[in-house]
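Colleague: below are the sequence and a predicted model for it; my questions follow.
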2 protein chains.
Amino acid sequence: MTDSSVFATYEIETSLPLQYAAEVLAGEQSTGTFVRVERESDEVRARFAAQVERLEEVPLTGASALPGAIGDPAERRRARVTLRFPLDNFGPSIPNLLAAVAGNLFEIKELAAIKLVDLELPSAFAERYAGPQFGVAGTRRLMSRPDGTMIGTIIKPSIGLAPHELAEVVSELATAGIDFIKDDELQGNGPTAPLAERVKAVMPVLERHADQTGVKPMYAFNITDDIDRLEANHDLVVAAGGTCIMVCINMVGLSGMEYIRRRAQVPIHGHRAMFGSISRSDQLGIGFAAWQKLARLSGADHLHTNGISNKFYESDAEVLAAIEAVRTPLLGLTPTVPVLSSGQWGGLAHATHDAVGSTDLLVLAGGGIHGHPDGAEAGVRSMRDAWASAARGETVGDALRSSPALRRAVEQFGPARE
Amino acid sequence: MTDSSVFATYEIETSLPLQYAAEVLAGEQSTGTFVRVERESDEVRARFAAQVERLEEVPLTGASALPGAIGDPAERRRARVTLRFPLDNFGPSIPNLLAAVAGNLFEIKELAAIKLVDLELPSAFAERYAGPQFGVAGTRRLMSRPDGTMIGTIIKPSIGLAPHELAEVVSELATAGIDFIKDDELQGNGPTAPLAERVKAVMPVLERHADQTGVKPMYAFNITDDIDRLEANHDLVVAAGGTCIMVCINMVGLSGMEYIRRRAQVPIHGHRAMFGSISRSDQLGIGFAAWQKLARLSGADHLHTNGISNKFYESDAEVLAAIEAVRTPLLGLTPTVPVLSSGQWGGLAHATHDAVGSTDLLVLAGGGIHGHPDGAEAGVRSMRDAWASAARGETVGDALRSSPALRRAVEQFGPARE
């Protein structure tokens, strides 16, 4: 039964009886109507209907009801509901799975909140979708960083650099010993900085660095574009010796991600921009635990999780849950690298490492590297020193004693977190 | 300037000064940081930065703040803000446009609400994206319905019919004089009812009907699937004489939609399932007015707008605004057919027609046709009689006097709306 079913877990709110609302949800998303129609036999219902598998009442979040919700507002309650869908209704197809577990249900007026928070998928999905091709091990190999936390950065300013300026920035970062550099998600393939020109500016710098040192830092070129351009964009990067492509997953869709995965010869850096549009509300949308499974099945070698003490809205607890989610094995797929970013610097290494317990992470620091008072090389050193210290089980105090670069970072960015 | 810029309008809430919050938004989505970094010259800022074009305070909706919003909750205010983005930052690429106008911005903690509500796009988008290929006129031609409202229905039960049962239902509906039939969005390409079997069951019935009557009702086969299967699914439909494909836009992404548009030989029925996940909250996401422009550019010949008195959460005012949005000319594209569905029946024709002022609509009734007390033929007749009466400028009373089928529908579905 487990391997022929999909289990989808929701948090819902309703002013109607909880069990009734859960059954409306199950009906709308399987046999398609709560009222029985002609030819909807008991046999059809038994074979195709989604079932309410579990229902547990949980406290209201305090957030207001979604617009259009019916019933007495004073009666509103919240529940965590798991529905079981027969796999045969849609087969192991992510787009058709989504129609069932995340289709019209967000519009149901019986529900005052409706968020898909987890998905349990049968093995048929891993037979159809290959998942990451490189993952942690492949990424480490390509960037010549066999152990320790992978340290990366983002090109800043995000947009507006001329090719020779971009080459300068990349040269500085390579010299600084960076493992990974990425385009900003805002840098796509616009007229002022086409992908082809960026590749032409960046790759000779990295190739020269590799010739001299034996190490080619990984550069994730943002190839996000119409589907019909993705493969050509990828080929352009690979032909120039590039070792990574970046895709904004929500901009091309999970389907677009999967399309380029089938053609990719290098790791895919999965950016989650726009994810907040479905995730930030407690009352509506799709949570990260559910979404990241689909992104990994679709082939994300790297996946953004945000980082602690970030500049966005998420709490540390949410971020750590996201990192844990990405690190949790999924249907035998190659492990995806969690990507920590936003407000990251060396002073967050110990707190993050203590919570995560691993260095199989790619940590991106923008200001934390570019803005280090002694420059990018010291910025990279401060990050690397801090993570190495954390991995050795030392305290923040130990790291500060042994790393001048981290001490200088603290002067700029404030106290390191214990 | 207008033709080299994109104008994106948001509704935001913030406890910080409104102008400041708008500038944080503009900074995050263009030069990429609110703090100036090295090489971010005045020239870079002048050329690439998004600008706050308009800002108008509007009343709070009463909905609660998004999680993680900073500032004094008592100071929260709401504004409608228009930003101007230089087109050259991303070029006329929908995926890269989205990264700018709908990327990380949903996660900004300075904002307690953030919804993209409209987009004004320059003509370059219509040069790159072909938009609908058939639209209103092409759809009418294929279904032999040169004027009057196009009347359609959905196969019910949504899933679970055996091929011979599906053929029976389609035969009944064709005999009833229906213009259009569609698969449910839950009916994809699963093992129990593969697309190929549905096509094989349905098309001979429609071809036989066409041979006898000269009219081939349009059947929208749901071809939603992985990108690499879309073209084969389309070809299967077209090879069997099918005249329409249905795509769940959000399941394959706008990019997947555009991908199949470039290959389609028949109209694309654009289903909006999952749209509620980004649209239902007043505090977060993307509104229909903005989203439908991207769906039309990507090639939707038909686009779901919901209908008045529907079974979902939307008010009549929201539905009518959605229909109006789809009917509003866009960059010279072929007009898309608005698709009204959910709880539709003949008794809604006059109220809808009075508000919309057009019969260039595809109105889908499930229960309103399948559930008519005298069967599907009477159901179709009741719909057609009602819409013809409305189009002649008659009252509901006139229609009831002249149409026995509508009178019987009223007995089943309650009073008709004036």
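Modeller: Right, received. Where do you want to start?
Colleague: going forward, measure contacts and count neighbours with C-alpha atoms only.
Modeller: OK.
Colleague: enumerate the residues of the stretch 201-350 of chain A near chain B.
Modeller: When proximity is defined by CA under 8 Å from any CA of the partner chain, the stretch 201-350 of chain A lies next to chain B at A:224-228, A:248, A:250-256, A:258-259, A:273-278, A:280-282, A:284-286, A:311-315.
Colleague: where exactly do the strands run in chain A?
Modeller: A:5-14, A:51-58, A:77-86, A:113-120, A:150-154, A:180-182, A:218-222, A:244-248, A:268-271, A:284-286, A:302-304, A:337-340, A:362-364 (DSSP state E).
Colleague: turn these into a markdown table, including distance to residue A:324, mean neighbour count and mean pLDDT.
Modeller: Formatted as a markdown table, these follow (distance: least, CA to CA, whole Å; neighbours: other CA atoms under 10 Å in any protein chain shown; pLDDT from 0 to 100):
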| stretch | distance to residue A:324 | mean neighbour count | mean pLDDT |
| --- | --- | --- | --- |
| strand A:5-14 | 18 | 25 | 98 |
| strand A:51-58 | 23 | 16 | 97 |
| strand A:77-86 | 21 | 22 | 97 |
| strand A:113-120 | 14 | 24 | 98 |
| strand A:150-154 | 17 | 25 | 97 |
| strand A:180-182 | 22 | 22 | 98 |
| strand A:218-222 | 24 | 26 | 98 |
| strand A:244-248 | 21 | 28 | 98 |
| strand A:268-271 | 17 | 28 | 98 |
| strand A:284-286 | 17 | 29 | 98 |
| strand A:302-304 | 12 | 25 | 98 |
| strand A:337-340 | 9 | 26 | 98 |
| strand A:362-364 | 14 | 27 | 98 |
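Colleague: what's the separation between residue A:97 and chain B?
Modeller: 9 Å (CA to the nearest CA, to the nearest Å).
Colleague: distance of that residue from residue A:153?
Modeller: Distance check for residue A:97 against residue A:153: by CA to CA, to the nearest Å, it reads 35 Å.
Colleague: any low-confidence regions in chain A?
Modeller: Scanning chain A for pLDDT under 70 picks out A:1-2, A:32-38.
Colleague: report the angle between the longest helix along it and strand A:218-222.
Modeller: Determined from DSSP state H, the single longest helix within chain A is helix A:195-213. Taking axes from the mean of the first three to the mean of the last three CA atoms, to 10 degrees, helix A:195-213 and strand A:218-222 form an angle of 180 degrees between their directions.
Colleague: in helix A:195-213, what counts as buried?
Modeller: For helix A:195-213, the neighbour count (16 or more other CA atoms under 10 Å in any protein chain shown) marks A:195, A:198-199, A:201-207, A:209 as buried.
Colleague: nearest to residue B:79, of those?
Modeller: residue A:195 (36.2 Å; CA to CA).
Colleague: was I right to think that closest one contacts residue A:183?
Modeller: No. The pair residue A:195 / residue A:183 is not scored as a contact, 10.1 Å apart, by CA atoms under 8 Å.
Colleague: find residues that contact each of the two.
Modeller: A:221-222 (CA atoms under 8 Å, 6 or more residues apart in numbering or on different chains).
Colleague: what does residue A:65 show for phi and psi?
Modeller: Phi and psi for residue A:65, reported as degrees, to the nearest 10, are phi -70, psi 150.
Colleague: residues touching it, list them.
Modeller: By CA under 8 Å, 6+ apart, the residues touching residue A:65 are A:13, A:112-113, A:283, B:63.
Colleague: who are the neighbours in contact with residue A:183?
Modeller: Neighbouring residues of residue A:183 by CA under 8 Å, 6+ apart: A:154-155, A:158, A:219-222, A:246.
Colleague: tabulate the strands of chain A (JSON lines), appending distance to residue B:127.
Modeller: Formatted as JSON lines, these follow (distance: least, CA to CA, whole Å):
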{"stretch": "strand A:5-14", "distance to residue B:127": "42"}
{"stretch": "strand A:51-58", "distance to residue B:127": "48"}
{"stretch": "strand A:77-86", "distance to residue B:127": "43"}
{"stretch": "strand A:113-120", "distance to residue B:127": "38"}
{"stretch": "strand A:150-154", "distance to residue B:127": "32"}
{"stretch": "strand A:180-182", "distance to residue B:127": "30"}
{"stretch": "strand A:218-222", "distance to residue B:127": "23"}
{"stretch": "strand A:244-248", "distance to residue B:127": "24"}
{"stretch": "strand A:268-271", "distance to residue B:127": "28"}
{"stretch": "strand A:284-286", "distance to residue B:127": "33"}
{"stretch": "strand A:302-304", "distance to residue B:127": "34"}
{"stretch": "strand A:337-340", "distance to residue B:127": "37"}
{"stretch": "strand A:362-364", "distance to residue B:127": "37"}
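Colleague: can you tell which of the ones you listed is closest to residue B:241?
Modeller: strand A:77-86 (31.5 Å).
Colleague: distance to residue A:215 added to the contacts of residue A:65, as a markdown table?
Modeller: Formatted as a markdown table, the contacts of residue A:65 follow (distance: CA to CA, whole Å):
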| residue | distance to residue A:215 |
| --- | --- |
| A:13 | 53 |
| A:112 | 54 |
| A:113 | 51 |
| A:283 | 47 |
| B:63 | 53 |
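Colleague: what does stretch A:191-203 contact?
Modeller: A:160-164, A:166-167, A:170, A:187-189, A:221-223, A:233, A:236-237, A:240-242, B:88-91.
Colleague: just the residues of the stretch 201-350 of chain A next to chain B: which are in helices?
Modeller: Those of those lying in helices (DSSP H): A:227-228, A:250-256, A:258-259, A:276-278.
Colleague: who wins for neighbours among those?
Modeller: residue A:256 (30 neighbours; other CA atoms under 10 Å in any protein chain shown).
Colleague: what's the burial count for residue A:127?
Modeller: Using other CA under 10 Å: residue A:127 sits among 12 other residues.
Colleague: how far away is it from residue A:331?
Modeller: Per CA to CA, residue A:127 is found 9 Å from residue A:331.
Colleague: can you spell out the domain ranges of chain A, please?
Modeller: What the record gives for chain A is the domain set A:5-128, A:135-413, from automatic domain parsing.
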